[in-house]
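>>> kindly return the folded structure for what I paste below:
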Amino acid sequence: MKYSIEAKDALSKARAGTLETPHGKIQTPIFMPVGTIGSVKAVTQQDLKTDVRAKIILGNTYHLYLRPGTQILEQAGGLHQFMNWDRPILTDSGGYQVYSLSKNRKINPEGVVFKSHIDGSKHTFTPENVMDIQRSIGADIIMAFDECPPYPCDKTYARESLHITNQWLDRCFKRLDETTPLYGHEQALFPIVQGSVFPDLRKESAEYIANKGAFGNAIGGLSVGEPHEMMYEMTDLVCSILPADKPRYLMGVGTPANILECIALGVDMFDCVMPTRNARNGMLFTWNGTINMKNKKWENDFSPLDEFGDSYVDSYYTKAYVRHLFAANEILALQIASVHNLNFYLRLVETARVKIIEGTFAAWKDETVKRLSVRL
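Now for the predicted structure:
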């Protein structure tokens, strides 16, 4: 794997780069659609390629471990073969899912014991078996096993959690050194910076991870309820410490405005369920602001779904028609809205890249953030 930076913005920390993986090149900044269980909800793999123009998608270790399980994935030849996706995949280690199962898990220095959300069965995740599971999945980029502390949380807890995450990271690297990829391609491990919203803990975590020499690094534990300004402050701090010549991935972020602001802080990679989750609830992101397609005001609006969109759904369907589909609880509404929102997110980061290369990113970002914040 290789990462190179082609351009930097003069008035911010934004940069445009290229990430080379065994399953293709990724131009950054990039947004990764979330395909938690080997499926981006309501969107086919063909639509992901042609209309969304996704270059990489995300899968999740916790969910894929429970269903369909590592045995099926290995029989299929890994997740790429199982879901017929020949482009890069990144897998989250399951740390965030463990965090969200606060009532059904117990954390100790060895790992995490948790109950399945599917059938209540008991399972254990350790840094070692999480690496083994991600070997079975076969993603190009795999995440270290970490603990994501809640917000707000006591600083003592955040410090203890961070130290456990650091210990687990060392064990993840050791396990990878002891094993080999199953499907003939390299897998790159990304450590995850934690530390909640405490600057000294974030600094400690970022410095610890920076010294590991990993191919890329991630920032976790944000977008979990803290104010946006606090998220930006922590992201800025961490990006100032993580190696400038390595890709930086901000996990679980966020709104279009969040993404643009964090690109300006030096982040290269993003993922979030927001474009697909909001789409299924009738909320569309457009270049003029957000639209609630369930509102009656669109009932007799026969203009294109998005006059500035470049997905086929934007010119093929009208607002009135899509509003009708949502009113009728028609499944097609979810597909149209999901394709549109994902296409918008991919176009957003593609345009940001162009502006960085042109040297006009900072002014464009400020103007665009204002426009995207409008509710139509």
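>>> only C-alpha atoms for contact and neighbour calcs from this point on.
OK.
>>> quick one: buried residues of stretch 359-374?
Neighbour-count burial for stretch 359-374, counted by 16 or more other C-alpha atoms under 10 Å, picks out Gly359, Phe361, Ala362, Lys365, Thr368, Val369, Arg371, Leu372, Ser373.
>>> and it, how far out from the chain middle?
Centroid separation between stretch 359-374 and its chain, computed with C-alpha atoms, centre = their mean, to the nearest Å, is 22 Å.
>>> what of stretch 308-321?
26 Å.
>>> begin at 24 from here
Done: numbering now begins at 24, and the last item shifts to stretch 331-344.
>>> extract the CA atoms of that stretch and return them as PDB.
Presented in PDB, the C-alpha positions along stretch 331-344 are these (Å, rounded to 0.1, in the frame of the first residue of the first chain):
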ATOM      1  CA  PHE A 331     -27.500  20.300  -9.300                       C
ATOM      2  CA  GLY A 332     -27.200  16.600  -8.700                       C
ATOM      3  CA  ASP A 333     -25.500  14.300 -11.200                       C
ATOM      4  CA  SER A 334     -26.800  10.900 -10.200                       C
ATOM      5  CA  TYR A 335     -29.400   9.400 -12.600                       C
ATOM      6  CA  VAL A 336     -32.100   9.700  -9.800                       C
ATOM      7  CA  ASP A 337     -31.700  13.500  -9.600                       C
ATOM      8  CA  SER A 338     -32.900  14.200 -13.200                       C
ATOM      9  CA  TYR A 339     -35.000  11.000 -13.700                       C
ATOM     10  CA  TYR A 340     -37.400  11.600 -10.700                       C
ATOM     11  CA  THR A 341     -39.400  14.700  -9.600                       C
ATOM     12  CA  LYS A 342     -39.800  15.900  -6.100                       C
ATOM     13  CA  ALA A 343     -43.600  15.300  -6.300                       C
ATOM     14  CA  TYR A 344     -43.000  11.600  -7.400                       C
END
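>>> if we can go back for a sec, closest to Gly92 among the buried residues of stretch 382-397?
Distances from Gly92 to the buried residues of stretch 382-397, taken as C-alpha to C-alpha, are shortest for Leu395 (40.3 Å).
>>> okay, now Thr203: neighbour count?
With neighbours defined by other C-alpha atoms under 10 Å, the count for Thr203 comes to 14.
>>> swap that for Leu34, please
13.
>>> how about the nearest residue to it, chain neighbours excluded?
Using C-alpha to C-alpha, 6 or more residues apart in numbering and skipping the chain neighbours, the partner closest in space to Leu34 is Ala385 (6.0 Å).
>>> what distance do you get for Asp74 to Asp294?
Distance of Asp74 to Asp294, given as C-alpha to C-alpha, to the nearest Å: 18 Å.
>>> who's more crowded, those two?
In terms of neighbours (other C-alpha under 10 Å), Asp294 is the more surrounded of Asp74 and Asp294; the figures are 20 against 17.
>>> pLDDT score for that one?
Here the pLDDT value assigned to Asp294 is 98.
>>> now Asp169
95.
>>> using the three-state scheme, assign it.
coil (DSSP: H, G, I helix; E, B strand; the rest coil).
>>> ok, Tyr255 - contacts?
Under the criterion of C-alpha atoms under 8 Å, 6 or more residues apart in numbering, the neighbours of Tyr255 are Glu284, Cys285, Leu288.
>>> okay, which residue is most central for the protein?
Asp294 (1.8 Å; C-alpha atoms, centre = their mean).
>>> what residue ranges in this structure score low on pLDDT?
Low-confidence segments of the chain (pLDDT under 70): 122.
>>> just the strands from the stretch 274-399 of the chain, written as ranges.
292-294, 306-309, 312-315 (DSSP state E, counting those that start in this stretch).
>>> tally of neighbours for the residue nearest to Asp70 when sequence neighbours are not counted?
Nearest non-adjacent residue to Asp70, counting by C-alpha to C-alpha, 6+ apart: Val362, 7.3 Å away. Neighbour count of Val362, defined by other C-alpha under 10 Å: 26.
>>> distance of Val362 relative to Leu71?
According to C-alpha to C-alpha, Val362 and Leu71 sit 8 Å apart.
>>> sorry, back to before: Serialize the strands of the stretch 274-399 of the chain to JSON lines and add fields for distance to Tyr26.
Shown next, in JSON lines, are the strands of the stretch 274-399 of the chain (distance: least, C-alpha to C-alpha, whole Å):
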{"stretch": "strand 292-294", "distance to Tyr26": "12"}
{"stretch": "strand 306-309", "distance to Tyr26": "30"}
{"stretch": "strand 312-315", "distance to Tyr26": "33"}
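>>> what's the closest of the ones you listed to Ala181?
Judging those by C-alpha to C-alpha, what sits closest to Ala181 is strand 292-294, at 23.8 Å.
>>> correct me if wrong: the residue nearest to Asp70 contacts Lys72.
No - assessed by C-alpha atoms under 8 Å, Val362 is found out of contact with Lys72, at 10.7 Å.
>>> how many neighbours does Leu260 have?
For Leu260, using other C-alpha under 10 Å, the count is 16.
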